[in-house]
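In: Fold the following and give me the result.
(chains A, B, C and D)
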Protein chains: 2
Amino acid sequence: MTRILVVEDDLALADVLAFTLRRAGFEVDLAHDGRTALALFLKEKPDLIVLDWTIPNMDGLEVCTRVRTESNTPIIMLTVRNADEDVIAALDAGADEYVTKPFSLRQLIARIRSLLRRTIGEPQGMLNAGPLSLDVERREARWGDERPPIHLTRLEMRLLMALLQNADRVMTTESLITRVWGPEGATHEMLKQLIYRLRNKIEPEPGAPTLIETIPHVGYVLNTPANHRK
Amino acid sequence: MTRILVVEDDLALADVLAFTLRRAGFEVDLAHDGRTALALFLKEKPDLIVLDWTIPNMDGLEVCTRVRTESNTPIIMLTVRNADEDVIAALDAGADEYVTKPFSLRQLIARIRSLLRRTIGEPQGMLNAGPLSLDVERREARWGDERPPIHLTRLEMRLLMALLQNADRVMTTESLITRVWGPEGATHEMLKQLIYRLRNKIEPEPGAPTLIETIPHVGYVLNTPANHRK
DNA sequence: CAGACCGGTAACATATCGGTAACAAATCTA
DNA sequence: TAGATTTGTTACCGATATGTTACCGGTCTG
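Out: Numbers count the residues shown, from 1 in each chain, chains lettered A, B, ... in the order given. Below you'll find the model as predicted:
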């Protein structure tokens, strides 16, 4: 279940937001000031944060910065001001979206979905990088047009999705573990095995450049053919 | 160098955009209609796309969808319409940002930076001095364009970073040791070894001027080719 | 000039990591 | 419920990372 942290000191608006988001199928945590927001963030590890700029106890910008030092959880900044300087300050502090009040709830939800799609990888039928495409629903991977689709297990799917969504970027073992098994984590051994199994299924035959590259002592990268200077 | 594809049929605006973006340090490709946009995208593989909605030969939305089937290159949609339905349609097609005309150039650039930060990778990531560049994430060093990247170990990495960040300045053995092993320190022997090993990996072939120079009884300097006193 | 010291080189030892494999436990499916 | 599939566990092996020690040649100094 996707969890969203809403930080908003206007109680009426906060309620509306919570209600709407819950109806849209998210779990919602509420905070009315900066300090509790930060505490809640650390405790609940939401998948996304909707953050009002003007809140008591540490303003939104500050919260934004602090959160960024911890993780790259997507943040939507909510505010009445929309002067250039503000927008730029917000984006520089690490916000991912900037929405000015008043705003449309439908639009907000669309933006949330879009952000989640990019980071968490919410419902989206197909993912692809180069010749490899992944049908999330059917749980199968295809090599371009080549025969036959390869069936993936649930865990293999999650792993491949995580890699695919961050193609050409190094994923640490830690973050992969969290992405696959959730925050409770798992052994490194388990990841090792999973990588091994996934490779056996989708790695192109011997000669070709390897798809999933090991970065010793760090993690793994899925290379797209494009970025394959070598 | 970060490469941006701008798709805009209003020639005046396109020029302004290209000019501003180039001044901001990006490489810019221009397309004035959908079909060439797609072609350029496939050919140049830009890091980000700024996409006008209303363009000849396949509208922006369509281009957006097509691009998405190939990769998850970030897309900023540019348009005059800002009805809910439009925003939602754009985001659903896979756009990452939606900016309505008229817009502020500074804001656009800030959004571009923010998107790039999210996708390409954090500001850190690459360090370089002269021909040598260091990919911190992947723990590898590259010599200009020459093959193949050299993998560095964790300690070698730290050492090289310390030297690189203080290029052309002498680092004492003490400070190097602290930078590499932390305040608890380590033996001089260990540093000696590490320097030796690092040199073996990244020092240019015999003839050339040495990269890491020894300052007897003091420490080491990493020389950038520019300042090559001798 | 001799000995101390320094830095480069080398060989070695040990620990850890990552790939592989076989097997056991758990889960799914017919 | 039986059999197949998926997932976790353990073991082994070779490669790599890192620390340790030793040797050698140069330079400085008394």
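In: Please make it C-alpha for all contacts and neighbour counts, starting now.
Out: Will do.
In: Show the subsequent helix or strand relative to the worst-scoring helix or strand of chain A on mean pLDDT.
Out: Lowest by mean pLDDT, DSSP states H and E among the helices and strands of chain A is strand A:126-129, with a mean of 62. Sequence order places strand A:132-135 as the next helix or strand after strand A:126-129, per DSSP states H and E.
In: Give the partner strands of that next one in its sheet and their orientations.
Out: Each strand pairing with strand A:132-135, determined using DSSP bridges, is listed with its direction: strand A:126-129 (antiparallel), strand A:140-143 (antiparallel).
In: Run the chain-centre distance for the next helix or strand after the last one.
Out: Scanning forward in sequence from strand A:140-143 by DSSP H and E, the next helix or strand is strand A:150-151. Between the mean C-alpha point of strand A:150-151 and the mean C-alpha point of its chain there is a distance of 25 Å (CA atoms, centre = their mean, to the nearest Å).
In: Likewise for stretch A:20-36?
Out: Relative to the chain's own centre, stretch A:20-36 is displaced by 17 Å; criterion: CA atoms, centre = their mean.
In: what do you get for stretch A:12-30?
Out: In terms of CA atoms, centre = their mean, the centre of stretch A:12-30 is found 20 Å from the chain centre.
In: residues of it that come out buried?
Out: Within stretch A:12-30, the residues that qualify as buried are A:14, A:17-18, A:20-21, A:26-30, counting by 16 or more other CA atoms under 10 Å in any protein chain shown.
In: Can you pull out the low-pLDDT segments for chain A?
Out: Counting by pLDDT under 70, chain A shows low-confidence ranges at A:68-72, A:81-85, A:88-89, A:92-94, A:102, A:118-131, A:144-147, A:182-184, A:205-209, A:225-230.
In: Which stretches in it count as helices?
Out: Using DSSP state H, the helices found in chain A span residues A:11-23, A:34-44, A:60-70, A:84-93, A:105-119, A:154-165, A:173-181, A:188-202.
In: which strands and helices sit next to the first one?
Out: Helix A:11-23 is packed against strand A:3-7, strand A:27-31, helix A:105-119, with contacts defined by 3 or more CA pairs under 8 Å, 6 or more residues apart in numbering or on different chains; DSSP states H and E.
In: Go through those and pick out the most buried.
Out: Across the helices and strands packed on helix A:11-23, averaging neighbours per residue (mean count of other CA atoms under 10 Å in any protein chain shown) puts strand A:3-7 on top, at a mean of 24.
In: quick one: strands adjacent to that strand?
Out: strand A:27-31 (parallel), strand A:48-52 (parallel).
In: so how far is DNA strand D from A:A31?
Out: Here A:A31 is placed at a distance of 34 Å from DNA strand D (CA to the nearest atom of the strand, to the nearest Å).
In: hang on, isn't that residue packed against A:A37?
Out: Yes - in this structure, A:A31 sits in contact with A:A37. The criterion is CA atoms under 8 Å, and the distance is 5.1 Å.
In: list residues touching both of these two?
Out: By CA atoms under 8 Å, 6 or more residues apart in numbering or on different chains, A:A31 and A:A37 have these common neighbours: A:5, A:7.
In: how's chain A carved up into domains?
Out: Listed by automatic domain parsing, the domain ranges of chain A are A:3-119, A:153-222.
In: Off-centre distance for the longest one?
Out: Mean C-alpha position of domain A:3-119 versus that of the full chain (CA atoms, centre = their mean) differs by 15 Å.
In: Kindly report the same for stretch A:197-216.
Out: The chain centroid and the centroid of stretch A:197-216 are separated by 24 Å under CA atoms, centre = their mean.
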